[in-house]
Structures are given as C-alpha cells and as structure tokens.
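A.B. asks: The sequence isn't on hand, but the structure is:
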C-alpha cells in the first residue's frame, strides 16, 4: 500500500534491526513504518498491533489500514522494515455491543462468502476473525453489523439442523466455526468460515504466516 509520508508527532522506537527486542509493549498501539522489498521503492504502512505470538515473541499480528486481512511481521528483526514508529493514538479496547451474538457466531459456517468465524479479534474487539473456503487467509470484519443488517447468515450445514428463520435483531447460535456467505454491495456472494477468538481454536487449529512476502498475511 502506497501512502503519502505521515507528518504526525511520533515516539520513535528507532530503526528496525535484528539485534534487539522492543523496549516497550506495543500491543494495542498504532504504528507506522516504511517497507522496502528487494529493489522496489519504500512504501509507507500504518496499522494497529493486535497481538504478539507467544511461540515467536518477535512476531506481531497487525491489522494495517485499508486491508481486511491480518498480517504477521517480525517488526524488530525484519530488515525490510524501515523506521518503526509508535504513534500517540493508542487504540482503546472497546466492548462488543452484543457479546452473546458474537459468541454465537464463533465456530459456525456462515454465508457471506462461505467461511468459518473463528474468534473475536484482540484489541479491536468489535471485529471477528474469519477464514473463507478455498481462501486460507485470516481476515477480520465487523460481522455483527453484517449479520444484523441481513447480509450474513448461519449455514444449515453448521449444526446439522435446519436453519431457523431469523427476525430482525434476533440472536442465533454462535457463528464461529460455521460456513458463512456474505452478500456484497454488487450482489455477488462470498462464502467463508467464521473464526472465533484465537484462544478458543484449540490445539489442532493453527494459523500460518509466511515471512518472505510483503508483510505476510496469516493463513489458517
């Protein structure tokens, strides 16, 4: 993503080098940095740090502005990262407006583009993780709004029972782990799987990230 240089007052944590770990916890922080891949130009990226991966503390999960997928990047080790800065506008955790509905969607197949809702995203708590059929990238959307607006529904093959008719505003069983289909503005549909909170995935559900691409998206 190309962006104009950002002229905000920032607190720099210095150039990203593979020799040191960050001096502060940047989870929940807004960040910006340059990115240079091979002989290409330096591009500017800005986003929110969602989490740090326990098995690889140098790897952070990031939601970049303007992108729907979640990225994994070794912010303080990857030499393609230039001038990592922590911005002053730290993200404040927010409460989900309908926690019961969010829990209902997790591990359910939904129609919205067919996919599985996996979990609520950390930090940006009103967003849900989802992965789509034949598209293993980890995405995050505000699916509760889509569901309440009638653009997303739980698939009947999610729970071996016929789908119930839903009245506006009615709460249904959890979507996480179920196939979903999403109606886009142009009338097309995208099917995927709703993805619950990451902690609830269990030992046999894994997310993968490839660090050899421009900030690597997560795969499920």
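C.D. replies: In hand now; what should we look at? Nothing here was measured: the structure is a model prediction, and the numbers come from that model.
A.B. asks: Ends of stretch 31-44, what's the gap?
C.D. replies: 11 Å (C-alpha to C-alpha, to the nearest Å).
A.B. asks: quick one: secondary structure of residue 48?
C.D. replies: Following DSSP: H, G, I helix; E, B strand; the rest coil, we place residue 48 in the strand state.
A.B. asks: now do residue 104
C.D. replies: Assignment for residue 104 (three-state DSSP): helix.
A.B. asks: Begin at 31, not 1, for the rest of this chat.
C.D. replies: OK, 31 is where the count begins now, so the last one is residue 134.
A.B. asks: What pLDDT does the model give it?
C.D. replies: The model reports residue 134 with a pLDDT of 75.
A.B. asks: what's the answer for residue 182, then?
C.D. replies: 83.
A.B. asks: so how far is residue 149 from it?
C.D. replies: 16 Å (C-beta to C-beta, to the nearest Å). Just so you know, the C-beta spots here come from the backbone N, C-alpha and C atoms, and that holds for glycine as well.
A.B. asks: swap in residue 134?
C.D. replies: Counting by C-beta to C-beta, the gap from residue 134 to residue 149 is 13 Å.
A.B. asks: Contacts only, for residue 61.
C.D. replies: Residues near residue 61 by C-beta atoms under 8 Å, 6 or more residues apart in numbering: 76-79, 92, 105, 114-117.
A.B. asks: In this structure, where is pLDDT below threshold?
C.D. replies: 31-53, 85-86, 120-127, 137, 139, 141-142, 166, 186-215, 220-250 (pLDDT under 70).
A.B. asks: for the helix or strand hosting residue 102, packing partners?
C.D. replies: Using DSSP states H and E, residue 102 sits within strand 101-103. In this structure, strand 101-103 makes packing contacts with strand 90-94, strand 246-249, judged by 3 or more C-beta pairs under 8 Å, 6 or more residues apart in numbering; DSSP states H and E.
A.B. asks: same thing but 10 Å
C.D. replies: Where contact means 3 or more C-beta pairs under 10 Å, 6 or more residues apart in numbering; DSSP states H and E, strand 101-103 is packed against strand 73-82, strand 90-94, strand 165-171, strand 238-239, strand 246-249.
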